[in-house]
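Asks: what would the 3D arrangement of this be:
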Amino acid sequence: MTGMRVTDLPLPRAIATRPRDPDNGSWVPAITHWRDGVPAWGEVSGERQLLCALQRRCGVCGRRFADDETEWHVVGRQTAVLIDYALRRGGELAWPVITREVPAHEICAVFSALACPFLASPDARRRRDGDGLNSDVRAGTRRGTGAALAGFAPCRVKVTPHRPDLVFALELAKPRQLRRYDRGTELLGHLRQLVADDGEPREPDPPFLGVDDEAAVIELQSTLRDYRDGGPVRTSALGQKPR
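Replies: Numbers count the residues shown, from 1 in each chain. Okay, the predicted model is just below:
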């Protein structure tokens, strides 16, 4: 555990506008599934994930990354070792890391490493089998020590043509930064500094990544239509019906 309530953590401005859990007041990440007006903690929406990946949006606050902005992931010990080796040699990874876990802005990733019980404690146990960067983690196993926040150049999205709504992957090949930690509380000072330097979000909170999963599905359908047609992936008007 972090030793602090989530509502007591320094709060990034982009996260402050996110919907909140009506029971505990926690801010809900953009990729979290909602059911009957309540966030289904631990259930990530595949549609929301793919939408964020295709539109280059943060999986926590839902806002877009700037051009060439570093994208952050929480990684386990094994992946952190590989990234550290690549950074010391000044090169890319020998082979890309494949994941379905969409990235976050640095400030959002640091906040999540403090707020999420699994990311915050080496003693926490996984509720389900890991995927991608955490593929070595099985349900019921401890997170363990040696975690890190890893910053990468913008990832490459690969979508399986015949089932683009269900099968996709992100390729991470070019690491830029690595910040190791065991407990989330070790990142508290860094979060405070990031929040102190935090400016206004560059865009409004996307309404299609709020409490209504259907709105996310409609936006994803529009985005996938552009993707299949080979055009630029863009944001459609909320509620627009696919042609």
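Asks: Leu114 contacts Glu186, doesn't it?
Replies: No - using C-beta atoms under 8 Å, Leu114 is not in contact with Glu186, being 9.4 Å away. (Each C-beta comes from the backbone N, C-alpha and C, glycine too.)
Asks: out of the two, which sits in the busier spot?
Replies: For Leu114 versus Glu186, neighbours defined as other C-beta atoms under 10 Å are more numerous around Leu114 (23 against 15).
Asks: if I pick the more buried one, what's in contact with it?
Replies: Counting by C-beta atoms under 8 Å, 6 or more residues apart in numbering, Leu114 makes contact with Thr2, Met4, Val6, Leu9, Ala120, Gly184, Thr185, Leu187, Leu188, Leu191.
Asks: what count of nearby residues applies to the closest residue to it other than its chain neighbours?
Replies: Nearest non-adjacent residue to Leu114, counting by C-beta to C-beta, 6 or more residues apart in numbering: Gly184, 4.1 Å away. As a burial measure, Gly184 scores 27 neighbours (other C-beta under 10 Å).
Asks: list the contacts for Gly184?
Replies: Gly184 is in contact with Thr2, Ala113, Leu114, Ala115, Cys116, Leu119, Ala120, Ser121, counting by C-beta under 8 Å, 6+ apart.
Asks: now stretch 99-108: mean pLDDT?
Replies: Averaging pLDDT along stretch 99-108 yields 94.
Asks: low pLDDT regions in the protein?
Replies: 1-4, 123-144, 160-167, 228-243 (pLDDT under 70).
Asks: please name the nearest non-neighbouring residue to the residue nearest the centre of it.
Replies: Closest residue to the average C-alpha location of the chain: Gly59 at 3.4 Å, with C-alpha atoms, centre = their mean. Spatially, and ignoring its direct neighbours in sequence, Gly59 is nearest to Val102 (3.9 Å; C-beta to C-beta, 6+ apart).
Asks: would you mind measuring from the one you found to Arg20?
Replies: Distance, Val102 to Arg20, using C-beta to C-beta, to the nearest Å: 21 Å.
Asks: give me the buried positions along the lengthiest helix in the chain.
Replies: With secondary structure taken from DSSP state H, the chain has its longest helix at helix 213-228. Burial within helix 213-228, assessed by neighbour count using 16 or more other C-beta atoms under 10 Å, is assigned to Asp213, Ala215, Ala216, Val217, Ile218, Glu219, Leu220, Gln221, Ser222, Thr223, Leu224, Tyr227.
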